[in-house]
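> Quick one: sequence plus predicted model below, questions after.
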Amino acid sequence: MNKKIKVFIIDTSIVLSGKPLNIQDAELVTTPGVASELRPGGKYYQIFQFLLEKGLTIMSPSKKSLKKVNEVSDQTGDTARLSNTDREILALALDLNLEKKKDVIILTDDYSIQNVAHALKIRFQSFAQQGITKKFKWSYLCPGCGKRFKKHIKNCPICGASTRIIIRHKKDITENISDD
């Protein structure tokens with residue numbers, strides 16, 4: 001029986017937590033975006049450098065997987081809530097999940113990453129905070145005229161006011177994809 005190789009994809013929140021990352025018998029992977037979010041010389045940069053010395057690998061996701069992440073984040077309404085680095089993390093998980101010999105888990109405390117990961121059926125695990133218990137779909141509301149938009153629109157085309165994000169739909173997570 002071939003045992004799957006456990007792969008943890010870490011996002012910036014894991015490094016910024018300052019908590020020790022004690023993972024045995026697993027590969028650690030991250031993206032170029034995470035590396036670029038840490039300023040050289042600081043405490044968190046030093047933690048990141050230590051992780052690199054211990055075997056953390058930096059990988060870029062495919063354009064195909066980035067496109068899929070964008071499509072799903074549009075559906076969940078998380079588009080404006082995800083940074084480019086967040087998208088990289090999710091897309092890299094999609095890519096690595098194609099490798100059947102790998103058991104891929106995103107380590108993140110970012111609720112939007114968790115929400116989109118759940119929609120994509122990607123396993124995730126919280127690190128320093130409680131993970132999500134509900135999945136959300138977001139929409140945007142114009143406080144000026146009350147118009148609602150399913151996709152992110154910065155300014156209302158009707159009255160010009162800045163829109164704000166609101167929960168359109170929430171549902172308890174019954175099928176648990178996390179590894180808690």
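Yep, that arrived. Numbering: from 1, shown residues only.
> switch to C-alpha atoms for all contacts and neighbour counts from now on
Will do.
> Please report how far the residue nearest the centre of the chain lies from residue 52.
Geometric centre of the chain, nearest residue: residue 113, 2.7 Å, by C-alpha atoms, centre = their mean. Plainly put, residue 113 is 23 Å away from residue 52 if you go by C-alpha to C-alpha, to the nearest Å.
> Also residue 77?
Applying C-alpha to C-alpha to residue 77 and residue 52 gives a distance of 34 Å.
> out of the two, which sits in the busier spot?
residue 77 (28 against 15; other C-alpha atoms under 10 Å).
> can I assume the more buried one is in contact with residue 137?
Yes: using C-alpha atoms under 8 Å, residue 77 is in contact with residue 137, at 5.4 Å.
> Residue 74: which element?
Per DSSP states H and E: residue 74 is located in helix 63-76.
> Strands of this structure, residue ranges please.
Per DSSP state E, the chain carries strands over the ranges 5-10, 26-30, 57-58, 102-107, 124-125, 134-141, 148-149, 164-172.
> Contacts only, for the residue nearest to the centre of the chain.
Counting by C-alpha atoms under 8 Å, 6 or more residues apart in numbering, residue 113 touches 82, 86, 90.
> Which one (most neighbours) among these?
Busiest of these [other C-alpha under 10 Å] is residue 90, holding 26 neighbours.
> That residue touches residue 69, doesn't it?
Yes: in terms of C-alpha under 8 Å, residue 90 counts as a neighbour of residue 69; the distance is 6.7 Å.
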